[in-house]
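1. turn this into a structure:
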Amino acid sequence: MSGVLAEGTAEQPGQRPLRVLHVVSAMNRGGIETWLMQVFRSQDQARVRNELMTFSAAPGDYDDELRALEVPVWRCPPLGSALAFARCMFGTMRRERFDVVHSHPHQFSGVVLLLARLAGIPGRIAHSHIDTRAPDRSAGLPRRVYLSVMNTLLRLCATEGVAVSAPAAEALFGEGWQRQDRCRVLPLGLDLSAYAPPADAHAERAATRASFGFGPDTLLIGHVGWFIPVKNHTFLLRVFAEVAGRLPEARLLLIGVGELTAEVREQAERLGIINRVVFAGSRGDVPGLLRAMDVFVFPSLAEGLGLALIEAQVSGLPCVLADQLPAESRLPGAVLFPVPLAAGPEAWADAVLQAAATPHHVPETHGVDLAQAVRLLEGRYAHYRH
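-> Predicted structure coming up:
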């Protein structure tokens with residue numbers, strides 16, 4: 001069936017665990033990797049033995065925890081060493097004979113799953129986490145050639161495709177993805193216990209704010225995301241500058257790292273707000289930081305889903321977001337203020353101040369239950385047992 005992922009065949013007692021190889025570039029604190037870690041923490045290794053393959057020489061943020069969880073990590077050379085990379089990936093797949101290769105790096109999954117097919121891996125899953133339709137439509141000739149080759153490889157080599165939302169599915173599998181039996185939307189789940197307020201929530205909030213020099217009454221606006229163009233930090237700073245002009249005691253907390261960090265800092269300097277913006281970097285305590293915020297602002301140009309936005313809603317935060325983001329990113333009962341990006345910083349600042357005056361409210365969360373997502377995944381994996 002197409003559409004939303006359905007549960008598959010149940011595992012029989014006494015069967016060996018399925019070996020599933022997840023392929024990612026590196027295990028840092030991004031949306032894909034954070035979700036994978038939650039899956040690894042919750043999944044019973046007696047049923048599914050999760051393993052990882054990366055193609056980055058740099059250590060990842062989650063490396064220590066992966067060792068503690070006893071998740072094997074296979075490391076291949078970076079993509080710049082194309083022949084060595086391909087030899088490493090193919091050799092590992094052929095030698096280890098995994099049941100499933102679950103590939104996460106969007107279009108490059110075409111190469112990953114070609115190698116998996118050549119290695120004789122029965123289950124070859126391409127997972128779309130992002131919406132690249134706009135940049136793909138405006139791509140130059142070299143990029144269009146690359147996309148054409150990758151799309152052909154995916155059609156030939158993927159046994160199925162899953163996506164975090166309908167826009168993400170269309171971005172990787174084409175406009176007719178719903179008519180393809182092998183393509184489905186997989187509702188992503190979260191470990192909701194991590195976002196529930198602790199018994200001493202008031203003290204935790206005060207302590208977190210104090211650690212950054214914020215007082216209990218400071219209007220704290222927050223954002224979580226990689227410093228990359230699609231996250232639209234430059235627009236976010238313009239919105240905050242407008243808010244700060246009306247409410248000088250407001251502060252902005254930015255969580256994340258990336259290629260544009262220095263550029264965003266320079267922009268904050270030019271706007272005269274650098275002393276009101278905290279660059280917190282990559283953090284492992286995001287749930288606690290969300291509980292310390294008053295408003296979450298998410299002006300992304302595009303998102304496959306927007307896991308950080310889901311996390312903010314689950315935490316009860318009022319959220320100001322770009323109105324074109326996927327419907328799957330909005331939880332029933334969440335406090336949401338969708339605004340067109342074209343409305344400009346002043347309209348966004350109006351929404352932020354309106355959100356700041358709105359009580360926090362935890363929405364319905366049955367659609368983002370991690371246990372359900374894990375069951376759905378295991379059902380799909382079970383089809384590919386050797």
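2. next, count neighbours for R49.
-> 19 (other C-beta atoms under 10 Å). Quick note: C-beta positions are derived from backbone N, CA and C, even for glycine.
3. now it. Nearest residue, chain neighbours left out?
-> P17 (4.4 Å; C-beta to C-beta, 6 or more residues apart in numbering).
4. correct me if wrong: that neighbour contacts Q45.
-> Yes: between P17 and Q45 there is a contact at 6.3 Å, judged by C-beta atoms under 8 Å.
5. re the thing from before, OK, contacts around the residue nearest to R49?
-> Applying C-beta atoms under 8 Å, 6 or more residues apart in numbering to P17 gives the contacts 45-49.
6. report all helices and strands that the helix or strand containing A169 contacts.
-> Using DSSP states H and E, A169 maps to helix 166-173. Judged by 3 or more C-beta pairs under 8 Å, 6 or more residues apart in numbering; DSSP states H and E, helix 166-173 is in contact with strand 123-128, helix 133-137, strand 160-163, strand 183-185.
7. and those, which is most packed in?
-> strand 123-128 (a mean of 26; mean count of other C-beta atoms under 10 Å).
8. partners of it, with directions?
-> Within its sheet, and counting by DSSP bridges, strand 123-128 is paired with strand 100-103 (parallel), strand 160-163 (parallel).
9. just to revisit the earlier point, which residues does the helix holding A169 contact?
-> Under C-beta under 8 Å, 6+ apart, the answer for helix 166-173 is 106-107, 109, 126, 128-133, 136, 154, 161, 163, 177-178, 180, 183-185, 302, 304-305, 326-328.
10. buried stuff in the longest helix belonging to the chain?
-> Counting residues, the longest helix found in the chain (DSSP state H) is helix 141-157. Neighbour-count burial for helix 141-157, counted by 16 or more other C-beta atoms under 10 Å, picks out 150-151, 153-154, 157.
11. mind exporting the helix or strand where A207 lies as CSV, just the C-alpha atoms?
-> Assigned by DSSP H and E, A207 falls within helix 201-211. Listed next in CSV are the C-alpha coordinates belonging to helix 201-211 (Å, rounded to 0.1, in the frame of the first residue of the first chain):
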residue,chain,number,x,y,z
ALA,A,201,10.5,22.2,36.7
HIS,A,202,10.4,25.8,38.1
ALA,A,203,13.8,25.4,39.7
GLU,A,204,15.2,23.7,36.5
ARG,A,205,13.9,26.6,34.4
ALA,A,206,15.4,29.2,36.7
ALA,A,207,18.8,27.5,36.8
THR,A,208,19.0,27.0,33.0
ARG,A,209,18.2,30.7,32.5
ALA,A,210,20.6,31.8,35.1
SER,A,211,23.4,29.7,33.4
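12. how about it, which residues are buried there?
-> Within helix 201-211, judged by 16+ other C-beta under 10 Å, the buried ones are 205, 208-209.
13. tell me which of those is nearest to D63?
-> T208 (25.7 Å; C-beta to C-beta).
14. isn't that closest one right up against L290?
-> No: the pair T208 and L290 fails to qualify as a contact (C-beta under 8 Å) at a distance of 9.7 Å.
15. contacts for stretch 274-287?
-> Residues contacting stretch 274-287 (C-beta under 8 Å, 6+ apart): 28-29, 61, 194-195, 212, 224, 237, 240, 244, 250-257, 261, 264-265, 268, 289, 308, 311, 315.
16. quick one: that stretch to chain centroid distance?
-> 18 Å (C-alpha atoms, centre = their mean, to the nearest Å).
17. end to end, how far does it reach?
-> 25 Å (C-alpha to C-alpha, to the nearest Å).
18. mean confidence (pLDDT) on that stretch, please.
-> For stretch 274-287, mean pLDDT rounds to 95.
19. got the buried residues for that stretch?
-> 276-280, 286-287.
20. let me see the domain layout of the chain.
-> 3-189+369-384, 192-367 (automatic domain parsing).
21. which one of those has the lowest average pLDDT?
-> Looking across the domains of the chain, the weakest by mean pLDDT turns out to be domain 3-189+369-384, at a mean of 91.
22. dump the buried residues of helix 201-211 into a markdown table; add distance to H233 as well.
-> A markdown table is the format used below for these (distance: C-beta to C-beta, whole Å):
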| residue | distance to H233 |
| --- | --- |
| R205 | 25 |
| T208 | 22 |
| R209 | 22 |
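23. now, which of the residues you listed sits nearest P229?
-> T208 (29.3 Å).
24. next one: the closest residue to that closest one other than its chain neighbours from V277, what distance?
-> Distances taken as C-beta to C-beta, 6+ apart place A292 nearest to T208, at 4.0 Å, with adjacent residues excluded. To V277, A292 is 15 Å away according to C-beta to C-beta, to the nearest Å.
25. give me the subset of the contacts of stretch 274-287 lying in helices.
-> 237, 240, 244, 261, 264-265, 268, 289, 308, 311.
26. okay, now E65: neighbour count?
-> 15.
27. go on, S25?
-> Counted with other C-beta under 10 Å, S25 comes out at 18.
28. what of L253?
-> 22.
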